[in-house]
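Visitor: A predicted structure for the sequence below; I have some questions about it.
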Amino acid sequence: MQDQAARLREIINQRRSFSNTVNEKNKASAMPSSSTRIICVTSGKGGVGKTNFTLNLAIALSKLNNRVVIIDADLGLANVDVVMGVLPKYTLLDVIKGNKELEDIMVTGPNGIKIISGGSGVLDLIDMPQDQITHLIDKFENISNYADIILIDTGAGLSKSVLSFVLAAHEVIVVCTPEPTAITDAYAMIKTIGIKDKSKKLKLLINRVENVNEGKITFEKLKNASDKFLNINIEKLGYLLEDIHVSRSVKLQQPFIIQFPNSPVSKNIELIASKLTNDKVELDNNNTTTKGFFNKVISLFR
Ligand SMILES: Nc1ncnc2c1ncn2[C@@H]1O[C@H](COP(=O)(O)OP(=O)(O)OP(=O)(O)O)[C@@H](O)[C@H]1O
Ligand SMILES: [Mg+2]
């Protein structure tokens, strides 16, 4: 009972601290998380399935009672929104310019997941004066009011912006397929991350496998090379089968886990969501807050 009362007090305090201009619907679901887990999804090669994986994983995680916010950090076209069939009116750029609050730009998706579009806003941070950056980062802390887990969908490849998100995140999921080019590019990505931070928690997701054995072989290739030549430990997150339901759902602009919940790929995603939920994460004390995360992203980026 006391726990519930304390939680209610927290919600009330939280609501009081918001300005009147914020989106009422988003505001109503605000509740601070004791520590938000920040997971970055990335890949060496483009088009390997990051966005579909991120969106469907977010929904599966929310079915397991996690509050999830996706940040679409791809600086090109907003990916997540296209796959979901919702086009955002506003992006992070509007928050950066001071026209909008974070709550105004969050779009609610299936199962209550929330999506924040990065747009090209991140690029504007480079030239921003430090006092404005500090003000902005204070606003970012509000995301943890809506999230137990933040999933960041990055673009592919080794650009500075992708690496900034990757290096600042608590955990990194590298998506790869069994194709040799995807494996080589994933290896290059793992190597670059390892040079900057050997202790980064790296998990590998093998997408589009024909069968479990193909996934296993692909994982072992990358694991053995990373152990031997890079001295970096990568963990196996799991596999997603090649499944026609993925492209069908993309055409319908609906997540496959909603449209085809019994498809093989949806079952694969559910397994990964429960594995991630059960994984105990030890967060580094200096980097537990969402504010700390964005501070790190911006300092790496600038
Ligand atoms: N498991 C799968 N089975 C079948 N097709 C898949 C699977 N995963 C992804 N695809 C196909 O790959 C396409 C690209 O996926 P997605 O857009 O998620 O990749 P991405 O890594 O986010 O790309 P980008 O690097 O351009 O952001 C999908 O539209 C779909 O057709
Ligand atoms: Mg994408």
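Guide: Okay, I see it. This is a predicted model, so every value here is computed, not measured. Ligands and ions are numbered 1, 2, ... in the order given.
Visitor: all strands for the stretch 1-150 of the chain, in order.
Guide: Listed from the start of the chain, the stretch 1-150 of the chain has strands (DSSP state E, counting those that start in this stretch) covering 37-42, 68-72, 107-108, 114-117, 149-153.
Visitor: what is the mean pLDDT for stretch 55-71?
Guide: Taken as a whole, stretch 55-71 has a mean pLDDT of 96.
Visitor: what's around the nearest residue to residue 142 once chain neighbours are set aside, how many residues?
Guide: Counting by CB to CB, 6 or more residues apart in numbering, residue 102 is the residue found nearest to residue 142 once chain neighbours are left out, at 5.2 Å. Placement of C-beta: from N, CA and C, glycine included. Per other CB atoms under 10 Å, the neighbour tally for residue 102 reads 23.
Visitor: How about residue 144?
Guide: Number of residues near residue 144 (other CB under 10 Å) recorded here: 24.
Visitor: what's the answer for the one 4 residues further on, then?
Guide: Applying other CB under 10 Å, we find 19 other residues in the vicinity of residue 148.
Visitor: how near is it to residue 276?
Guide: 11 Å (CB to CB, to the nearest Å).
Visitor: Over to residue 176?
Guide: On the measure of CB to CB, residue 176 and residue 276 end up 17 Å apart.
Visitor: Mind checking which of the two has more residues around it?
Guide: Taking other CB under 10 Å, residue 176 and residue 276 do not tie; residue 176 has more neighbours (27 against 23).
Visitor: nearest residue to that one other than its sequence neighbours?
Guide: Closest residue to residue 176 apart from its sequence neighbours, by CB to CB, 6+ apart: residue 186 at 4.0 Å.
Visitor: Point me to the residue of the stretch 51-200 of the chain nearest ligand 2.
Guide: The stretch 51-200 of the chain approaches ligand 2 most closely through residue 51 (3.3 Å), counting by CB to the ion.
Visitor: Tell me how far that residue lies from ligand 1.
Guide: 3 Å (CB to the nearest ligand atom, to the nearest Å).
Visitor: Help me confirm that that residue comes into contact with residue 153.
Guide: Yes - contact between residue 51 and residue 153 holds when scored by CB atoms under 8 Å: they sit 5.5 Å apart.
Visitor: in a helix, that's where residue 222 is, yeah?
Guide: Yes - Residue 222 forms part of a helix when assessed by DSSP: H, G, I helix; E, B strand; the rest coil.
Visitor: Next up, the contacts around it.
Guide: By CB atoms under 8 Å, 6 or more residues apart in numbering, the contact set of residue 222 is 176, 183, 186-187, 190, 204, 234.
Visitor: so which pair among those is furthest apart in space?
Guide: For the contacts of residue 222, the farthest-apart pair by CB to CB is 183 and 234; their separation is 12.5 Å.
Visitor: Looking at the two, which one has more neighbours?
Guide: residue 234 (23 against 19).
Visitor: Angles on the backbone of the more buried one, please.
Guide: phi -120, psi 140 (degrees, to the nearest 10).
Visitor: Looks like it contacts residue 204 (just checking).
Guide: Yes - if you go by CB under 8 Å, residue 234 and residue 204 touch, sitting 5.3 Å apart.
Visitor: do stretch 245-252 and ligand 2 meet at all?
Guide: No - remark: stretch 245-252 sits outside contact range of ligand 2, by CB under 5 Å from the ion, the gap being at least 11.0 Å.
Visitor: count of residues packed around residue 201?
Guide: 17.
Visitor: Check residue 73 too.
Guide: Applying other CB under 10 Å, I find that residue 73 has 27 neighbouring residues.
Visitor: I'd guessed it sits against residue 159; true?
Guide: No - assessed by CB under 8 Å, residue 73 is found out of contact with residue 159, at 10.9 Å.
Visitor: my read is residue 239 is in a strand, agree?
Guide: Yes - assessed with three-state DSSP, residue 239 lies in a strand.
Visitor: Not counting sequence-adjacent ones, nearest residue to it?
Guide: Excluding its sequence neighbours, the residue lying closest to residue 239 (CB to CB, 6+ apart) is residue 215, at 3.4 Å.
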